[in-house]
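Colleague: one predicted model, sequence on top.
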Amino acid sequence: MIALITGASSGIGKELAKNMASRGVHLILVARRTERLLKLKQEIQFNCPNVRVKTITADLSRESQCIELYEKTKGYNIDFLFNNAGFGLYGDFLHTELVDELNMINVNIKAVHILTKLFLADFSKRNFGYIMNTASVAGFMAGPLLATYYATKNYVLQLTKAIYEELRSVGSNVVISALCPGPVNTEFNEVAGVKKFGMPTVSDAFVADYAIERLLYGDLVIIPGVTTKAAVAGSRFAPTKLLLKTVRTIQEQKKPAE
């Protein structure tokens with residue numbers, strides 16, 4: 001079996017790669033940073049010598065490179081697609097840079113949309129395959145001070161849910177899931193421009209292992225961690241304005257990087 005993982009050079013993507021390799025799944029790893037991809041490839045091949053690893057350097061903020069990625073890999077008969085690439089941007093919407101937000105929308109939304117669309121067609125023809133789109137607990141609400149990021153994750157979550165129902169209604173064996181982690185101890189905060197999270201974090205290795213287990217089980221929405229599950233459940237009953245104030249208070253605890 002073969003898994004394609006975007007955003008594989010660090011964080012959850014890196015741990016997904018290592019975890020899938022430990023299960024004997026061959027890998028196609030995609031990210032912008034070639035050196036990190038090659039280092040990860042060496043690590044995986046040392047620990048799992050029977051696993052084949054291919055690396056592809058790509059900038060998924062560019063639509064053309066998303067399509068190129070599909071064209072390069074469609075002949076491998078991918079079994080697992082992990083749409084994991086993404087990043088955040090901290091700050092008031094009034095003051096954040098438009099170019100950064102558009103890049104985020106391209107990576108967090110357009111790349112996920114394009115790759116899901118193209119690979120889903122192949123999976124549907126075979127009536128087999130697994131797609132996991134990395135959303136976030138942010139996908140269940142709005143996020144003052146991370147407004148665009150939260151909005152992108154809402155898109156990913158709702159798109160995934162809709163596709164799930166379309167597949168279910170025709171009896172398809174293709175599995176699609178949305179991974180919705182809470183705060184995870186990755187490079188996210190550094191890229192987003194914050195020093196720390198306003199809530200306790202879990203490890204990326206825990207998230208990856210839990211996500212894969214639940215994907216294989218067929219869960220639609222995957223929420224790692226008891227605290228995160230409780231937060232999502234509570235958000236469903238909170239008045240909108242109160243929830244907005246609560247989320248903002250949490251975000252304000254994230255200290256901007258110096």
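Modeller: Noted; the coordinates are in hand.
Colleague: from Ile131, how far out is Glu166?
Modeller: Glu166 sits 13 Å away from Ile131, going by CB to CB, to the nearest Å. From N, CA and C alone the C-beta is placed, and that goes for glycine too.
Colleague: so which of these two has more stuff around it?
Modeller: Counted by other CB atoms under 10 Å, Glu166 and Ile131 do not tie: Ile131 has more neighbours, with 25 against 13.
Colleague: just checking, what packs against the strand or helix carrying the more buried one?
Modeller: Using DSSP states H and E, Ile131 falls within strand 130-134. Here strand 130-134 touches strand 80-83, helix 112-126, helix 147-169, strand 175-179, helix 204-217, going by 3 or more CB pairs under 8 Å, 6 or more residues apart in numbering; DSSP states H and E.
Colleague: check these for me and report the most buried one.
Modeller: Using mean count of other CB atoms under 10 Å, the stretch among those with the largest mean neighbour count is strand 80-83, at a mean of 27.
Colleague: would you mind writing the CA trace of that strand as CSV?
Modeller: C-alpha atoms of strand 80-83 as CSV (Å, rounded to 0.1, in the frame of the first residue of the first chain):
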residue,chain,number,x,y,z
PHE,A,80,-4.0,6.9,1.4
LEU,A,81,-4.1,10.6,0.8
PHE,A,82,-3.2,12.8,3.8
ASN,A,83,-3.9,16.4,3.1
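Colleague: what strands line up against it, and which way round?
Modeller: Here strand 80-83 has these sheet partners by DSSP bridges: strand 2-6 (parallel), strand 130-134 (parallel).
Colleague: CSV for those, including mean pLDDT?
Modeller: What follows is the strands paired with strand 80-83, written out as CSV (pLDDT from 0 to 100):
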stretch, mean pLDDT
strand 2-6, 98
strand 130-134, 98
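Colleague: most tightly surrounded among those?
Modeller: By mean count of other CB under 10 Å, the strands paired with strand 80-83 have strand 130-134 as the most buried, with a mean of 25.
Colleague: can you lay out the strands paired with strand 80-83 as a markdown table showing distance to Val175?
Modeller: Converted to a markdown table, these look like this (distance: least, CB to CB, whole Å):
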| stretch | distance to Val175 |
| --- | --- |
| strand 2-6 | 13 |
| strand 130-134 | 5 |
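Colleague: quick revisit: using CSV, lay out the helices and strands packed on strand 130-134 together with distance to Thr34 and mean pLDDT.
Modeller: Formatted as CSV, these follow (distance: least, CB to CB, whole Å; pLDDT from 0 to 100):
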stretch, distance to Thr34, mean pLDDT
strand 80-83, 19, 98
helix 112-126, 20, 98
helix 147-169, 26, 97
strand 175-179, 25, 98
helix 204-217, 21, 96
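Colleague: okay, these in a markdown table with distance to Gly11 next?
Modeller: Shown next, in a markdown table, are these (distance: least, CB to CB, whole Å):
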| stretch | distance to Gly11 |
| --- | --- |
| strand 80-83 | 12 |
| helix 112-126 | 16 |
| helix 147-169 | 15 |
| strand 175-179 | 12 |
| helix 204-217 | 5 |
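Colleague: let's see stretch 39-46 as PDB, backbone CA atoms only.
Modeller: Output in PDB follows, covering the C-alpha atoms of stretch 39-46 (Å, rounded to 0.1, in the frame of the first residue of the first chain):
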ATOM      1  CA  LYS A  39      16.500  13.700   6.300                       C
ATOM      2  CA  LEU A  40      13.100  12.100   7.100                       C
ATOM      3  CA  LYS A  41      13.500   9.700   4.200                       C
ATOM      4  CA  GLN A  42      16.800   8.500   5.600                       C
ATOM      5  CA  GLU A  43      15.400   8.100   9.100                       C
ATOM      6  CA  ILE A  44      12.400   6.100   7.900                       C
ATOM      7  CA  GLN A  45      14.500   3.800   5.600                       C
ATOM      8  CA  PHE A  46      16.900   3.200   8.500                       C
END
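Colleague: any buried residues in it, and which?
Modeller: Leu40, Lys41, Ile44 (16 or more other CB atoms under 10 Å).
Colleague: any chance of those residues in TSV, plus secondary structure?
Modeller: Listed next are the buried residues of stretch 39-46 as TSV, based on DSSP: H, G, I helix; E, B strand; the rest coil:
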residue	secondary structure
Leu40	helix
Lys41	helix
Ile44	helix
